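In: for reference, the sequence and a predicted model appear below.
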Amino acid sequence: MKNEEGQKEVHIIHCIPIARGIFRQHLSYFTTAEIPLGAVVKVPVRGRKMLALVVKKERASDLKTDIKRAAYVIKKIEKIETVSFFSKEFIESCEEAAHYFATTTGQVVSALVPKTILEHMSRVSRPLQEGKTPITGERFILQSGAEDRFANYKSLVREEFARGSSVFFCLPTIEDIKKAKNILEKGIEPYTLSIHTSMGTKELIKMWNAIVSEPHPVLIIATGTFLSIPRGDISTIVIERENSRSYKTQKRPIMDIRVFARLFAKLSGKRLILGDTLLRVETIFDYKNNEYLEIAHPKFRSVLHEHTEVISMKSKAVKGKFEIISDELAELIEKTKKNNERLFLFSVRKGIAPSIVCGDCGATVVSEQCGAPMILKRGERENVFFCPVCKEERSAKEICKQCGSWKLQALGVGIERIEEEIKERFPSVKLFRIDKDKTSTYKKAKEVSEKFENTPSSILLGTEMALLYLSGVENAAVVSMDSLFSVPDFRINEKILYILLTMRDLVTKQFLIQTRNPQQLILDYAVKGNLIDFYRDEITIRKHLGYPPFSIIVKMSVRGRKNSVESMMKKMEAIFADKSPDVVSVFSPAPEKSYGLNMIMKIPRDKWPDEDILSKIRSLGPAIAVEVDPESILN
């Protein structure tokens, strides 16, 4: 466009930088190029070139006074990377998510658009679909066993295909994606497309282009990172395994993909479906309050397809030591071997023992680097104390640092100790193991799980990580998970029940739970599949304590040297004094930060986002890590 003198019109473009670590919401530049809203451009920021999303455009001639008064020099846009790419609804959802999670829109976009796509936009196809009339924007739940859920999903996908609509099937992990694809693609293989960030650059771009360019409706199976795919005919978003903690991002900005999906579905009129064996307490609460409809009546008492039994280990000891394998489990191991079946054994902790305490003063052995509790682990020459957080390793031949006693005692049962016991008592049984120490990569874990599946009369020993790689097994047993009962996390009962129900869903014959706490109600709920009483108990406790869903928790964390951390926290306490915050010590700070404090605020659910709190948070600067609705208030 030209002005009256025939010269090109100069515009001021307002952009959102797409990058983690940039805490300014908007940047402004001038240009004479015709740039549509939603375009991605390359701009100079702090001496380097960075991608930014154009969200507003104004004529420079209308802003002469403002430009002269500006405290900074408005620079020229360097390069246009692409024409309008993201949908209006996607950008608006990112803006709302940024407000909810107390961060910037650019950081939300950077978390939701794969870096490979941003860096290779010239190779990415433009979407064919212009978009269709939204369905309803309704929200549904689906709580039942995996087999029933996936039968419903298959019917749903085919119904949407018949309407000319695509479906986005969202999962928390790559292994979940591969499992779901094998189940859902039958009969619609050409139109079932999966994509994830572990793909190489060439493969990922090829799959992205295939998804965007396919004229037929498609089933997209992906993680939440790919909700940004600009395909206009997506009518339904499914959040499967809704209770998984893997939906929370690991890097800043810390955000919940489930919350973004809810915002995106609402703004774009898409149908949202949340599915799992056990939906989160917050989700069931919303369902009970008519905020969700149901695909099928939710199952609050699951039917048992296998023999489930709780084995009390409370009084079982051999020569003063706790017994690791009960008679019942030993019998199950022998039966597994005899019948050419497979057995999965679960342990919640790594190492030989998950904690070490002083027998005289009761002090716990902790890392000198990060303060986290250490575990007892088998070393090359001798047993060592090892920190799973910062990897510090010390000789186990040390005295108590509190009282000088030599009576340091290993408590609990770790996965290495279980492995030793099985090899000693059942030397002829083929034993496999999956945990972060033994199988540190996806490839290694997948190789072990495939060998286990193809080896009759074998045992797989694993932590929670192993559950991702199991598709089914005849028998299973919980060897040790009692340490979870003492974890100070308001979601811990839900986590324990979810683990047990996930294992039950995988077992076809026999399931044993060994415990020294047989009186725990959560075990009774798991054995009977009694989800409704669990929900009633849990919601009563949370209401009494003011935890979600009755509040939104905002956690602000400070890490560093003790003096500077305490000084900063005092300033924060003064700033947020009217909100009555609680300050708690960090349970296991990062290894490079020797000390940490968390400020916790419980905000009434209908009062969040709170503009006053957001304004104060922004005044603190990027050194303070902010997490809304954290999984734990102590980490």
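Out: Sure thing, it's come through.
In: relative to the whole chain's centre, how far out is the longest helix along the chain?
Out: In the chain, assigned by DSSP state H, the helix with the most residues is helix 146-162. The chain centroid and the centroid of helix 146-162 are separated by 25 Å under Cα atoms, centre = their mean, to the nearest Å.
In: which stretches of the stretch 401-550 of the chain form helices?
Out: 415-425, 442-453, 492-506, 521-528, 531-545 (DSSP state H, counting those that start in this stretch).
In: want to throw those helices into TSV with distance to K115 and mean pLDDT?
Out: (Glycine included, C-beta is placed from N, CA and C.) Formatted as TSV, the helices of the stretch 401-550 of the chain follow (distance: least, Cβ to Cβ, whole Å; pLDDT from 0 to 100):
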stretch	distance to K115	mean pLDDT
helix 415-425	35	90
helix 442-453	19	93
helix 492-506	31	92
helix 521-528	40	92
helix 531-545	38	95
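In: picking that back up, which parts of the longest helix of the chain are buried?
Out: 146, 148-150, 152-154, 156-157, 160-161 (16 or more other Cβ atoms under 10 Å).
In: now for that helix, which elements pack on it?
Out: strand 166-170, helix 174-184, strand 234-240, strand 271-276 (3 or more Cβ pairs under 8 Å, 6 or more residues apart in numbering; DSSP states H and E).
In: burial check on T197, number of neighbours?
Out: 13 (other Cβ atoms under 10 Å).
In: give me the nearest residue to the most centrally placed residue in the chain, chain neighbours excluded.
Out: Nearest to the mean C-alpha position of the chain, by Cα atoms, centre = their mean, lies S246 at 2.0 Å. Counting by Cβ to Cβ, 6 or more residues apart in numbering, S246 lies nearest to P172, which is 3.6 Å off, once chain neighbours are set aside.
In: T249 is in contact with that neighbour, correct?
Out: No. In this structure P172 lies outside contact range of T249 using Cβ atoms under 8 Å: 11.1 Å.
In: common neighbours of these two, please.
Out: Common neighbours of P172 and T249 are listed as I257 (criterion: Cβ atoms under 8 Å, 6 or more residues apart in numbering).
In: how about the helix or strand hosting E331: buried residues?
Out: Per DSSP states H and E: E331 is located in helix 327-338. The neighbour-count check on helix 327-338 (16+ other Cβ under 10 Å) flags 329, 332-333, 336-337 as buried.
In: can you show me the CA trace of it as CSV?
Out: In CSV, the C-alpha atoms belonging to helix 327-338 read as follows (Å, rounded to 0.1, in the frame of the first residue of the first chain):
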residue,chain,number,x,y,z
ASP,A,327,4.9,-67.1,49.9
GLU,A,328,2.0,-66.1,47.7
LEU,A,329,4.3,-64.2,45.3
ALA,A,330,6.8,-67.0,45.3
GLU,A,331,4.0,-69.4,44.3
LEU,A,332,2.9,-67.0,41.6
ILE,A,333,6.5,-66.9,40.2
GLU,A,334,6.6,-70.7,40.1
LYS,A,335,3.2,-70.8,38.4
THR,A,336,4.3,-68.2,35.8
LYS,A,337,7.3,-70.4,35.0
LYS,A,338,5.3,-73.6,34.9
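In: the helix or strand that that helix is followed by - which strands sit beside it in the sheet, and in what orientation?
Out: Next helix or strand after helix 327-338 toward the C-terminus (DSSP H and E): strand 342-347. Strand 342-347 pairs in its sheet with strand 458-462 (parallel), strand 473-480 (parallel), by DSSP bridges.
In: just to revisit the earlier point, would you reformat the buried residues of helix 146-162 as TSV and include distance to T116 and pLDDT?
Out: Listed next are those as TSV, based on distance: Cβ to Cβ, whole Å; pLDDT from 0 to 100:
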residue	distance to T116	pLDDT
A146	31	91
D148	36	93
R149	31	96
F150	30	97
N152	33	97
Y153	28	98
K154	31	97
L156	30	96
V157	27	97
E160	28	95
F161	29	96
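In: and of the residues you listed, the nearest to N635?
Out: A146 (29.6 Å; Cβ to Cβ).
In: which ones are touching the nearest residue to that closest one once chain neighbours are set aside?
Out: Leaving aside its sequence neighbours, A146 sits nearest to D505 (Cβ to Cβ, 6+ apart; 5.3 Å). Taking Cβ under 8 Å, 6+ apart, we find D505 in contact with 145-146, 277.
In: quick check: which ranges of the stretch 101-250 of the chain have low pLDDT?
Out: 127-135 (pLDDT under 70).
In: redo the buried residues of helix 146-162 as JSON lines? Include distance to L53.
Out: Below are the buried residues of helix 146-162 laid out as JSON lines (distance: Cβ to Cβ, whole Å):
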{"residue": "A146", "distance to L53": "38"}
{"residue": "D148", "distance to L53": "41"}
{"residue": "R149", "distance to L53": "36"}
{"residue": "F150", "distance to L53": "37"}
{"residue": "N152", "distance to L53": "37"}
{"residue": "Y153", "distance to L53": "33"}
{"residue": "K154", "distance to L53": "37"}
{"residue": "L156", "distance to L53": "33"}
{"residue": "V157", "distance to L53": "32"}
{"residue": "E160", "distance to L53": "30"}
{"residue": "F161", "distance to L53": "32"}
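In: just curious, which of these is nearest to I183?
Out: For the buried residues of helix 146-162, the nearest to I183 is F150 (5.2 Å; Cβ to Cβ).
In: surely A477 is in contact with L343?
Out: Yes. A477 is in contact with L343 according to Cβ under 8 Å; the separation is 7.0 Å.
In: give me the common contacts of the two.
Out: L332.
In: returning to that earlier point: quick one: which of the buried residues of helix 146-162 is nearest I325?
Out: A146 (29.2 Å).
In: coming back round to it: of the contacts of D505, which is the nearest to G106?
Out: Of the contacts of D505, the one sitting nearest to G106 (Cβ to Cβ) turns out to be T277, at 36.6 Å.
In: now do the phi/psi pair for the closest one.
Out: Reported as degrees, to the nearest 10, the phi and psi values for T277 are phi -70, psi -40.
In: contacting residues for D176?
Out: So D176 contacts 240-241, 244, 468 (Cβ under 8 Å, 6+ apart).
In: with F169 instead?
Out: So F169 contacts 153, 157, 180, 184, 219-222, 238, 240 (Cβ under 8 Å, 6+ apart).
In: at 10 Å what do you get?
Out: 153, 156-157, 176-177, 180-181, 184, 192, 194, 219-222, 236-240, 273, 275 (Cβ atoms under 10 Å, 6 or more residues apart in numbering).
In: equivalent analysis for K509, please.
Out: K509 touches 305-307, 332, 335-336, 339, 341, 343, 473-476, counting by Cβ under 10 Å, 6+ apart.
In: format these as CSV; extra columns: pLDDT and distance to P609.
Out: Shown next, in CSV, are those (pLDDT from 0 to 100; distance: Cβ to Cβ, whole Å):
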residue, pLDDT, distance to P609
H305, 60, 45
E306, 67, 46
H307, 87, 49
L332, 96, 52
K335, 95, 56
T336, 95, 53
N339, 96, 57
E341, 96, 53
L343, 97, 49
V473, 95, 45
E474, 95, 50
N475, 96, 49
A476, 96, 43
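In: V365 against E392, yeah?
Out: No. With contact defined as Cβ atoms under 10 Å, V365 does not count as touching E392 (11.1 Å).
In: all strands for the stretch 251-400 of the chain, in order.
Out: 271-276, 293-294, 307-312, 317-318, 321-322, 342-347, 355-358, 375-378, 383-386, 393-395 (DSSP state E, counting those that start in this stretch).
In: how about the longest strand belonging to the chain as CSV, C-alpha atoms only?
Out: Taking DSSP state E as the criterion, the chain has its longest strand at strand 48-59. This file holds the C-alpha atoms of strand 48-59, laid out as CSV (Å, rounded to 0.1, in the frame of the first residue of the first chain):
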residue,chain,number,x,y,z
ARG,A,48,20.2,-12.0,17.8
LYS,A,49,17.5,-12.8,15.3
MET,A,50,14.3,-14.4,16.7
LEU,A,51,11.0,-15.5,15.4
ALA,A,52,8.0,-13.5,16.4
LEU,A,53,4.2,-13.7,15.8
VAL,A,54,2.5,-10.6,14.3
VAL,A,55,-0.6,-9.8,16.4
LYS,A,56,-1.3,-6.1,15.6
LYS,A,57,-0.5,-3.6,12.8
GLU,A,58,-0.8,0.2,12.8
ARG,A,59,0.1,3.0,10.4
